[in-house]
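# Sequence first, then the predicted structure:
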Amino acid sequence: MSLREQRNAELVKMVRAIHEESRFSYGSPRVHAELTLGLGEPINRKRVERLMRQAGIQGIHRRRGRRNQVNEATEEDLVSRDFAVDAPDLLWVTDIERHEALTNRAVVKGHRPWSVAAGRVKQRAA
């Protein structure tokens with residue numbers, strides 16, 4: 001057995017111990033931090049990742065999934081997303097978007113010019 005293989009076997013034992021102490025939750029970044037900062041072992045992060053992968057050691061993923069909210073109704077859905085009608089003028093549907101109108105100006109005599117955009121008033125430096 002070469003020196004590198006012996007060193008890898010020692011490191012795998014240390015990684016297993018750290019992983020067990022963390023109740024099997026630490027992944028490679030935290031195991032690497034524990035080895036370098038906690039125990040003072042000079043080891044590369046990629047080597048820790050490789051040893052953990054070869055030994056079948058894996059941390060816990062606790063990330064929350066994101067939901068796609070594109071097709072969800074923002075308000076109460078009064079038509080239940082059924083847009084088919086039997087006759088005209090039974091169902092009216094609209095789409096509301098907010099558009100900034102940055103070029104519109106409201107000028108009052110004797111005052112500084114103010115930008116008026118979508119109900120929000122901003123004062124411009126003169």
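Received it, and whenever you're ready, just let me know what you need.
# pLDDT weak spots in this protein?
Residue ranges of the chain with pLDDT under 70: 67-75, 77-79, 95-126.
# same thing but 50
118-121 (pLDDT under 50).
# Distance of residue 54 relative to residue 15?
10 Å (Cβ to Cβ, to the nearest Å). Backbone N, C-alpha and C define where each C-beta goes, glycine included.
# try residue 25
14 Å.
# Those two: who's more crowded?
residue 15 (22 against 12; other Cβ atoms under 10 Å).
# check contacts around that one.
Going by Cβ atoms under 8 Å, 6 or more residues apart in numbering, residue 15 touches 31, 35, 48, 51, 52, 55, 57.
# Out of these, name the ones that lie in helices.
31, 48, 51, 52, 55 (DSSP state H).
# Now the buried members of the residues you listed.
Buried members of these, counted by 16 or more other Cβ atoms under 10 Å: 31, 48, 51, 52.
# Now compare those residues and name the two farthest from each other.
Across these, the longest distance by Cβ to Cβ is 9.2 Å; it joins 31 and 51.
# Give me the phi and psi angles of residue 20.
Dihedral pair for residue 20: phi -70, psi -40, per degrees, to the nearest 10.
# quick one: the strands in the protein?
105-106, 114-117, 120-123 (DSSP state E).
# returning to that earlier point: and which of the contacts of residue 15 is nearest residue 6?
Among the contacts of residue 15, and counting by Cβ to Cβ, the member closest to residue 6 is residue 51, at 13.1 Å.
# how close does residue 52 sit to residue 66?
27 Å.
# Now do the contacts for residue 92.
Residue 92 touches nothing, counting by Cβ under 8 Å, 6+ apart.
# ok, back up a step: is it possible to get TSV of the buried ones among the ones in helices among the contacts of residue 15 that adds distance to residue 2?
What follows is these, written out as TSV (distance: Cβ to Cβ, whole Å):
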residue	distance to residue 2
31	23
48	19
51	15
52	21
